[in-house]
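In: Model the following, please.
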Amino acid sequence: MTDKICVGAIAGSYGVRGEVRLKSFCAVPEDIETYGPLSTEDSRQTFNIALIRAIKNGYSARIGGVETKEDADGLKGVRLFVSRDRLPNLPDDEYYHSDLMGLDVYDTGGALLGQVKSVQNHGASDLLEITTAGQTATVLLPFTLAAVPTVDLAAGRIVADPPDGIFD
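Out: Here you go, the predicted structure:
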């Protein structure tokens, strides 16, 4: 588990007065403003964020020290992190995406299926992207209780009962 959690990203400028287009990865998207100051993963830069308004795919926001469109454009792609201890504790059946990445995935018989490369969500529910040994392609496993009955963060493993045909 990492000490920092990615809670958002800057998608570029919004308008000509230094506002940025902000994507929030928080369960309650507007909560990103309350976790500040936010930082880059290496903590070299910190940002105080004030949400202005909801826009398509995120928020328009002001960042302290960013006054021009060019300043805002220069931050495009910056991922925003917060210390884990500033975030709420999660219930037993919820996880931060960063905690799942890198975990080994085993089937219910104990055979290694692969390792979690990323967690994706394309609108319906979360999917675990699994890399498998000797394969260049990855497998997308639904992150549901039926397909993933056990997540053991302490042991660094997931037990999966994948639908037929996913790992063929």
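In: Would you map out the domains in the chain?
Out: Here the domain assignment for the chain is 4-86, 97-160, based on automatic domain parsing.
In: what's the most buried one of those domains?
Out: domain 4-86 (a mean of 16; mean count of other Cβ atoms under 10 Å). (C-beta placed from N, C-alpha, C; glycine too.)
In: so for that domain, what's the average pLDDT?
Out: What domain 4-86 shows for mean pLDDT is 90.
In: Could you check how far the closest residue to residue 4 other than its chain neighbours is from residue 133?
Out: Spatial nearest neighbour of residue 4, excluding adjacent residues (Cβ to Cβ, 6 or more residues apart in numbering): residue 81 at 4.2 Å. The spacing between residue 81 and residue 133, counted by Cβ to Cβ, to the nearest Å, is 31 Å.
In: First-to-last residue distance for stretch 147-156?
Out: One end of stretch 147-156 to the other measures 18 Å (Cα to Cα, to the nearest Å).
In: as a whole number, average confidence for that stretch?
Out: Per-residue scores along stretch 147-156 average to 89.
In: Can you classify the most far-flung residue of the chain relative to its centre as helix, strand or coil?
Out: Distance from the C-alpha centroid of the chain peaks at residue 109, with 29.7 Å (Cα atoms, centre = their mean). Three-state assignment for residue 109 (DSSP: H, G, I helix; E, B strand; the rest coil): coil.
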